[in-house]
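Chemist: compute the structure for the input listed below.
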Amino acid sequence: MFPLLLYDKGIDILNLLDYILLPFLTIGIIFVFNNIKKKRYRDSLVAQYFIPALVFRLIGTFLTACLYQYYYGYGDTTWYYIGASDIAKAFFNKGFSVGMEMLIYPYDLYSPAAKESITYVFFFTNDSMLTVVKTGALFSMLTLGSFIGASFGLTLISFIGMWMFYRVMQDLYPHLHRQLAYAILFVPSVCFWGTGLMKDPLSLGGVGMFVYGLYFLFYKTGQRGLLLPIIALIIGLYYSIVVKAYVAVAVVPAAVVWLSLLYKNKIKNKIFRALSVPFLLAVGLGFGAIALQQVSKSFKLEDIALEAAKTQWWIALNTEQFGGTGYSLGVFEPTTAGMLKKAPEAINVALFRPYPWESKKIIVIPSALEAVFTLFFTLFVFFKVGLFRTIRELFADPTVLFCLIFALIFAFAVGFTSMNFGALARYKIPALPFYFSALVILLDAKNRKATIAAFNKGNSTDDKQIISKELSSFPLQ
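Modeler: Residues are numbered from 1 along each chain as shown. Got it, this is the predicted structure:
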């Protein structure tokens, strides 16, 4: 008898099996990744962040599960788990062929036996939801049908993706390894909401893998081999497009432009390098436009604007009657032009709200504190670097431009459509590592040469040798 059936309690996601497996899974995951660290990062400065970043996310996974179990009582993760359990039970109750059918094929190709195994059909007819269900089922079956096993599995995908993004940024700015670690690996909301059996860990991991694959396959070709970047690019694109298409809409054009502009640093002749910028930018924008067109075929901006207007009306009514955590962007026309006019307000709400006085529920307080930090850090960087230096750095450093383009487009998208601070806390997390990375790089830009000199002076000879090759190729502005 499949062990999950012994603990089936309706919508409960944490039960005796999960608490029994929790310490063993935690120790096992740390043991495996610690061995990976020893083999791959034995003499690397980044090794010190690998396990702490992983543990931070494992803790976030358990806390998120407790939140949905004991505070909310249910959530999207509940229904994903039920769907994952349907697939797991089919393997043991209806045979291997039926289980594999549910795991591999889309719902339209399911046999009657497979369809009979489904509790809630809706989660199998939607491609993005079905991706979460199938991924969760794989990890759940490996851990006796447990919820915590499925949650840890998706968390590992998120962690691997963000670690890959960190490795790209650290390759570009090796002297900022610590600052970038904080910006990418240890953002509290990312380590909390970017975990568990949800869409968010997959989209977060996907965007990190995509950037890694693109960078090491087309720019630093061969530095990480070919197989790993190709796999990362394919998986990253799949999760970015299928799970949350607007993630791909934001990152694909920005990344193609970024990669095109990075190539100018490989041109040694200053005149040719300057003349190449318009050409590379045009090529990048052209490919980005094609990618954007292909990715966004499934939806129209007018439809998004109309749905956002309806959602805002409904949430405003619900907040007024039941005291929810909704917010409003004010009256706007449900058109593309009307939507774009709200871009500044939408970006502001995604990055800098809720304000402390808008924290009507205890669950919103951490988001408000992080938003306050983001606002003050942004103002600090802006006034420290200065307006003209910031503008000059945007044109001089393709990576800063890329991070800000993606972060602001993404912040606009989620700020315009969420209309609820609780949902916004989850939806905005892919933007934060990119946004904080851009701020860190901008802050360093003013005294970059002095920073590198101080870094070399304060480290041992061994550490200098480890990064000497990376520093020699670093583009000093």
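Chemist: the nearest residue to residue 386 once chain neighbours are set aside: how many residues sit nearby?
Modeler: Of all residues beyond its chain neighbours, the one nearest residue 386 is residue 446 (7.8 Å), with distances taken as Cβ to Cβ, 6 or more residues apart in numbering. Placement of C-beta: from N, CA and C, glycine included. Residue neighbour count, defined by other Cβ atoms under 10 Å, stands at 15 for residue 446.
Chemist: over to residue 221?
Modeler: The local packing of residue 221 (other Cβ under 10 Å) involves 12 other residues.
Chemist: quick revisit: residues contacting the residue nearest to residue 386?
Modeler: The contact partners of residue 446, by Cβ atoms under 8 Å, 6 or more residues apart in numbering, come to 384, 385, 386, 389.
Chemist: what's the farthest-apart pair in those?
Modeler: 384 and 389 (9.3 Å; Cβ to Cβ).
Chemist: the more surrounded of the two?
Modeler: residue 389 (15 against 12).
Chemist: the more buried one touches residue 443, doesn't it?
Modeler: No: counting by Cβ atoms under 8 Å, residue 389 does not reach residue 443; the two are 10.7 Å apart.
Chemist: what's the neighbour count on residue 108?
Modeler: Residue 108 - counted by other Cβ under 10 Å - has 7 other residues nearby.
Chemist: for it, give its distance to residue 121.
Modeler: Taking Cβ to Cβ, to the nearest Å as the measure, residue 108 and residue 121 are separated by 12 Å.
Chemist: ok, now which ones touch residue 426?
Modeler: The neighbourhood of residue 426, defined by Cβ under 8 Å, 6+ apart, consists of 193, 198, 200.
Chemist: and the average pLDDT for the helix or strand where it lies is what?
Modeler: Counting by DSSP states H and E, the secondary-structure element that holds residue 426 is helix 421-427. Looking at helix 421-427 alone, the average pLDDT works out to 85.
Chemist: which helices and strands sit right next to the helix or strand that comes right after that helix?
Modeler: Moving toward the C-terminus from helix 421-427, the next helix or strand (DSSP H and E) is helix 431-445. For helix 431-445, the contact count by 3 or more Cβ pairs under 8 Å, 6 or more residues apart in numbering; DSSP states H and E identifies helix 147-172, helix 177-184, helix 188-193, helix 343-352, helix 365-385, helix 387-396, helix 398-417 as packing neighbours.
Chemist: and of these, who's closest to residue 84?
Modeler: For the helices and strands packed on helix 431-445, distance to residue 84 was read as Cβ to Cβ. The smallest value, 5.6 Å, belongs to helix 147-172.
Chemist: tell me the mean pLDDT over the closest one?
Modeler: Averaged across helix 147-172, the pLDDT comes to 96.
Chemist: quick one: buried residues of that helix?
Modeler: Burial within helix 147-172, assessed by neighbour count using 16 or more other Cβ atoms under 10 Å, is assigned to 147-172.
Chemist: give me the angle between it and helix 431-445.
Modeler: Between helix 147-172 and helix 431-445, the angle formed by their directions is 20 degrees, by axes from the mean of the first three to the mean of the last three Cα atoms, to 10 degrees.
Chemist: so for stretch 262-282, mean pLDDT?
Modeler: pLDDT averaged over stretch 262-282 equals 66, rounded to a whole number.
Chemist: show me the contacts for the nearest residue to residue 408 once chain neighbours are set aside.
Modeler: In this structure, residue 408 finds its nearest non-sequential neighbour in residue 347, 5.8 Å apart by Cβ to Cβ, 6+ apart. Residue 347 is in contact with 408, 411, 412, 415, counting by Cβ under 8 Å, 6+ apart.
Chemist: the second one: how many residues sit nearby?
Modeler: Right, residue 411. 27.
Chemist: now swap in residue 88 and tell me
Modeler: Number of residues near residue 88 (other Cβ under 10 Å) recorded here: 28.
Chemist: before we move on, what about residue 58?
Modeler: 21.
Chemist: so it sits against residue 153, correct?
Modeler: No: with contact defined as Cβ under 8 Å, residue 58 and residue 153 do not form a contacting pair (11.6 Å).
Chemist: and the residue nearest to the spatial centre of the chain, what element?
Modeler: In the chain, the C-alpha closest to the average C-alpha coordinate belongs to residue 204, at a distance of 2.0 Å (Cα atoms, centre = their mean). Taking DSSP H and E as the definition, residue 204 sits inside helix 199-218.
Chemist: so what secondary structure elements neighbour that helix?
Modeler: helix 127-142, helix 147-172, helix 227-242, helix 245-262.
Chemist: alpha carbons only: can I get the last one in PDB?
Modeler: The C-alpha coordinates for helix 245-262 follow below in PDB (Å, rounded to 0.1, in the frame of the first residue of the first chain):
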ATOM      1  CA  ALA A 245       5.000  33.400 -19.600                       C
ATOM      2  CA  TYR A 246       5.400  37.000 -18.500                       C
ATOM      3  CA  VAL A 247       8.800  36.000 -17.000                       C
ATOM      4  CA  ALA A 248      10.000  35.100 -20.400                       C
ATOM      5  CA  VAL A 249       8.500  38.200 -21.900                       C
ATOM      6  CA  ALA A 250      10.600  40.300 -19.500                       C
ATOM      7  CA  VAL A 251      13.800  38.400 -19.500                       C
ATOM      8  CA  VAL A 252      14.300  37.200 -23.100                       C
ATOM      9  CA  PRO A 253      14.500  40.500 -24.900                       C
ATOM     10  CA  ALA A 254      16.500  42.100 -22.100                       C
ATOM     11  CA  ALA A 255      19.000  39.200 -22.100                       C
ATOM     12  CA  VAL A 256      19.400  39.200 -25.900                       C
ATOM     13  CA  VAL A 257      20.200  43.000 -25.800                       C
ATOM     14  CA  TRP A 258      22.600  42.400 -22.900                       C
ATOM     15  CA  LEU A 259      24.500  39.600 -24.600                       C
ATOM     16  CA  SER A 260      24.800  41.700 -27.800                       C
ATOM     17  CA  LEU A 261      26.200  44.700 -25.900                       C
ATOM     18  CA  LEU A 262      28.600  42.500 -24.000                       C
END
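Chemist: tell me what that helix is packed against?
Modeler: Taking 3+ Cβ pairs under 8 Å, 6+ apart as the contact definition, the neighbouring helices and strands of helix 245-262 are helix 199-218, helix 227-242, helix 270-295, helix 398-417.
Chemist: out of those helices, which gets the lowest mean score?
Modeler: When the helices and strands packed on helix 245-262 are compared on average pLDDT, helix 270-295 comes out lowest at a mean of 61.
Chemist: I'd say the residue nearest to the centre of the chain and residue 431 touch.
Modeler: No: using Cβ under 8 Å as the test, residue 204 is too far from residue 431 to be in contact (10.2 Å).
Chemist: what sits against the closest residue to residue 34 other than its chain neighbours?
Modeler: Closest residue to residue 34 in three dimensions, ignoring its sequence neighbours and counting by Cβ to Cβ, 6+ apart: residue 51, at 5.9 Å. Residues in contact with residue 51, defined by Cβ under 8 Å, 6+ apart, are 30, 33, 34, 37.
Chemist: ditto for residue 140
Modeler: With contacts defined as Cβ under 8 Å, 6+ apart, the neighbours of residue 140 are 4, 81, 84, 85, 88, 146, 147, 149, 150, 153.
Chemist: one more time with 7 Å
Modeler: Applying Cβ atoms under 7 Å, 6 or more residues apart in numbering to residue 140 gives the contacts 84, 85, 88, 146, 149, 150.
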